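Asker: Quick one: sequence plus predicted model below, questions after.
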Amino acid sequence: MTIAHDDIRLDAAPADVRVLSMSAALNLALADAIAADPEVVVFGEDVGALGGVFRITDGLTERFGEDRCFDTPLAESGIVGTAVGMAMNGMRPVVELQFDAFALPAFEQIVSHVAKLGNRTRGGVRMPLVIRIPFGGGIGGVEHHCDSSEAYYAHTPGLTVVSPSTPQDAYSLLRAAISSPDPVIFLEPKKLYWGKGEVDTSTTVDIGSARIAREGSDVTLLAYGASVPLALEAAETAAAEGRSVQVVDIRSLTPFDDATVTAAVRSTGRAVVIAEAPGFASVASEIQARVFERCFEYLEAPVRRVTGFDTPFAPPKLEHWYLPDVDRVLDAIDSLHWEDGA
C-alpha cells in the first residue's frame, strides 16, 4: 500500500506527541521495540555503555540490560554474521555499523547471506534483521566517515532499503523495519541527526511508500534522506521567484513507490532528482529512468539530476563544493524549458 500524502494515525493507540531530534527519535524507536518484543536485540561497536558514536543507543543498556543492548568486537563482518544466525533462529537483531564506509567489510555477508537466505530456502528461512548505517555527508567527516553507498544495497535483490528525512519518519520507519520479516538496510542521514520535529508514536509508515513533503504545480523535486531538507529549501527559494515547486520524499529506495512518484511528476510535467551520491549508476539514475519510462508523454522537459560528483567523497574543506546545494537545484529547475524563457 502506498501513502501519497498523510501517514496513518492509529486512533486506538494513545497519542504520545513530543518534539525530538532525529537521534532521539531513533533512540525512542529502539527502546519501544525492545520493550514490546523480547526477541529484539541491539548490538554493535560501542553501542552499550557509550551509547554509540552518535549516541543513538544512549541509555538502552542501562535500561534493558546487557543481554538486550551490547557491544561487539570491531569486526563488521562478524557483527552481521552473528545477526544472521540470530535471525535464522527467531530473534530480531538490530545492528549498528558505525559509519557508511565501515559497513563495507560486512558487504559479503549482506549480499551472500542476508539478502539471499529467504530466496535460497524458498521462504523457509526469514531474515528479520535491521542493519543501521549512518550515511552521507554534511558533518565534515574524514575518509571512511562520510560516504553515500546506498546504490550498493538498492542494487541487491532481497534487501529493503529505507532512509528517513524527519524525526517522525525516523521513529515510524525504524519501528516498521524492526517489525519486518525481511532484512532492512536502514540508512540514517548523519547531517539530520540533530534536526528536531514532532514525533507521534501512534503514527505508522508503510515501507515502500513515498511522501508528498510539499505541494506544487510547476515542477517536482524527488529526494531522499538529507536531500529532502535541501529540496524544501530550494522550493521555498523558487517560490519567491514565482515557481510552484512540489517535493516528494522518496524515503523507501526499495521497494520503490512508483505510484506516488509517477502521479506527482505527471501533475507537474517536470522533475529534478536530488541525491548526495555520485550520479553515475546511482539511485538517482534509477529514479530518473523510472520517471522517463512512466511519464514520458507527460513531460515538458528532460528529467534532470543534481548529485554528488563522480569522485571519492570530498575531504571536509571541500565538502561544500561536492554536495548538492540550493543554487545547483535552482539551476536545474531553470533548465526545464519554461515557456517564459526564464
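Answerer: Sure thing, it's come through.
Asker: Helix or strand with the lowest mean pLDDT in the protein?
Answerer: strand 8-9 (a mean of 44; mean pLDDT, DSSP states H and E).
Asker: So the protein: which segments form each domain?
Answerer: The domain map for the chain lists 17-204, 211-334, with the assignment taken from automatic domain parsing.
Asker: Could you dump those domains into CSV with mean pLDDT added?
Answerer: Below are the domains of the chain laid out as CSV (pLDDT from 0 to 100):
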stretch, mean pLDDT
domain 17-204, 95
domain 211-334, 96
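Asker: Let's have the ones you listed in JSON lines, adding mean neighbour count.
Answerer: Heads up, the C-betas are built off the backbone N, CA and C, glycines and all. Formatted as JSON lines, those follow (neighbours: other C-beta atoms under 10 Å):
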{"stretch": "domain 17-204", "mean neighbour count": "20"}
{"stretch": "domain 211-334", "mean neighbour count": "20"}
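Asker: ok, Asp46 touching Gly52?
Answerer: Yes. Contact criterion C-beta atoms under 8 Å: Asp46 and Gly52 qualify, at 6.1 Å.
Asker: Spit out the residues that contact the two alike.
Answerer: Gln98 (C-beta atoms under 8 Å, 6 or more residues apart in numbering).
Asker: Downstream of the least confident helix or strand of the chain, the next helix or strand is which one?
Answerer: strand 17-21 (DSSP states H and E).
Asker: Centre-most residue in this protein?
Answerer: Ser163 (0.8 Å; C-alpha atoms, centre = their mean).
Asker: isn't it right up against Gly225?
Answerer: Yes. Counting by C-beta under 8 Å, a contact exists between Ser163 and Gly225, whose distance comes to 4.0 Å.
Asker: Identify the contacts common to those two.
Answerer: By C-beta under 8 Å, 6+ apart, the residues touching both Ser163 and Gly225 are Phe135, Glu150, Leu187, Pro189.
Asker: now the strands for the stretch 101-250 of the chain?
Answerer: With DSSP state E, counting those that start in this stretch, the ranges of strands along the stretch 101-250 of the chain come out as 130-135, 160-162, 184-189, 196-200, 203-204, 211-214, 219-223, 245-249.
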